[in-house]
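> Provided below for reference: sequence and predicted model.
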Amino acid sequence: MKHKLLISVSIFIIIGLILFYILNIILLPEWVINNDATLSTRGIYEEEKNSLDVVFVGSSNIYNGISPLEIWQETGITSYSYASPEQKIWLSYYAIQELFAYQKPKVIMLDMNEAFADDNLEEDNIRKLFDNMKLGKAKINAINDEFLNYGIEDKLSYIFPIIRYHTRWNNLSTKDIKRLFYDYDSTYKGYSLSKSIEPFEGNTDYLNYTDETTNINDISLKYLDKIVELCKEQETELVLIDMPSPNTWSYSRHRAVEEYANSKKIKFLELNCVDEIGIDWNTDTQDAGWHLNVNGASKVSKYVANYLKRKFDLTDKRENEIYQTWNRDLEIYLKNK
């Protein structure tokens, strides 16, 4: 009798844990799970361990503006756009921590556009990164960061989303159930392909010279220093970049990043004032200058590909049988492009 009772209790506990796991998935709201950031942040877990040469980290400028398959086509270098909306530098720090648990890239290219933004703690943008992270050291470190100042309930809600989203019971639909069977493999390696065209109609001379410097804010500087040290520990070269962005970038910001890069003896790749890229703000932006479309992303990615080829000793893997899925994904990308 005791043996049967023990079996019954064990089965009950197992079923309960399975249901709890399922509910934590289906209760996540659409704004967390069903967007470009989700495919970018979750898709990286589907890549073969330690298979990426270069990883691009940052905000939506990255997953809209860097096409790793363009880089692959040009050079045979494996790369990935690992990004989330309005990703502040302190968020990038934890994204990079998470990255190193699965990949050992030779180069990380970090987008600096958000280094000058207010360090607000908007929950949606935090959750679009953290709720899509696996539970591990990086996530635990993040939710315990003193900067976030989370209480115990907030911390637990990042581990068990049901705590935060239990009120969604009445809004559940078949789409939420289907989420259990989603495939998060990112064919485009984190890139979000957009063919939309909405011209930028502002001042295209936004990089006019000035002797003024816009300071990187203190929180960004603190975590930027942490990123520099983390990359040194992992023997990964850090390159600071800024994506073409006439609505947010300026020469005074360029000066600040350049001065920081020089002080740390790291590389800085300026992508706003390079005539060779050939950005046309009438045709290469999807939303009036905020993000690049596939025209602009193709131009930037080809330029970055040549930069990587010149500056780093990275192997061309296009003929390597182990990486033939990249050629298959490239065919799909070119067809849809």
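That came through, no problem.

> could you check how far the nearest residue to Asn327 once chain neighbours are set aside is from Pro85?
Excluding the flanking residues, the one nearest Asn327 by Cβ to Cβ, 6 or more residues apart in numbering is Arg318, at 6.9 Å. Using the backbone N, CA and C atoms, a C-beta is placed for each residue, glycine as well. For Arg318, the distance to Pro85 equals 32 Å [Cβ to Cβ, to the nearest Å].

> give me the more crowded residue out of the two.
Pro85 (19 against 16; other Cβ atoms under 10 Å).

> tell me how many other residues surround the spatially closest residue to the more buried one that is not a sequence neighbour.
Leaving out its chain neighbours, the residue that sits closest to Pro85 by Cβ to Cβ, 6+ apart is Ser60, at 4.8 Å. By the criterion of other Cβ under 10 Å, Ser60 has 25 neighbours.

> what sits against Ser60?
Contacts for Ser60 (Cβ atoms under 8 Å, 6 or more residues apart in numbering) come out as 36-37, 83-87, 291.

> now, these that are in helices?
Among those, the ones falling in helices (DSSP state H) are 36-37.

> make CSV out of the contacts of Ser60 and add distance to Asp275.
Below are the contacts of Ser60 laid out as CSV (distance: Cβ to Cβ, whole Å):
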residue, distance to Asp275
Asp36, 29
Ala37, 31
Ala83, 26
Ser84, 31
Pro85, 30
Glu86, 29
Gln87, 28
His291, 21
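
> any chance of the contacts of Ser60 in CSV, plus distance to Arg310 and pLDDT?
As requested, these are exported to CSV (distance: Cβ to Cβ, whole Å; pLDDT from 0 to 100):
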residue, distance to Arg310, pLDDT
Asp36, 30, 70
Ala37, 31, 77
Ala83, 24, 96
Ser84, 29, 94
Pro85, 31, 91
Glu86, 32, 92
Gln87, 28, 94
His291, 27, 96
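
> closest to Arg328 out of the contacts of Ser60?
Among the contacts of Ser60, Asp36 lies closest to Arg328 (Cβ to Cβ), at 21.8 Å.

> that closest one - how many residues pack around it?
As a burial measure, Asp36 scores 21 neighbours (other Cβ under 10 Å).
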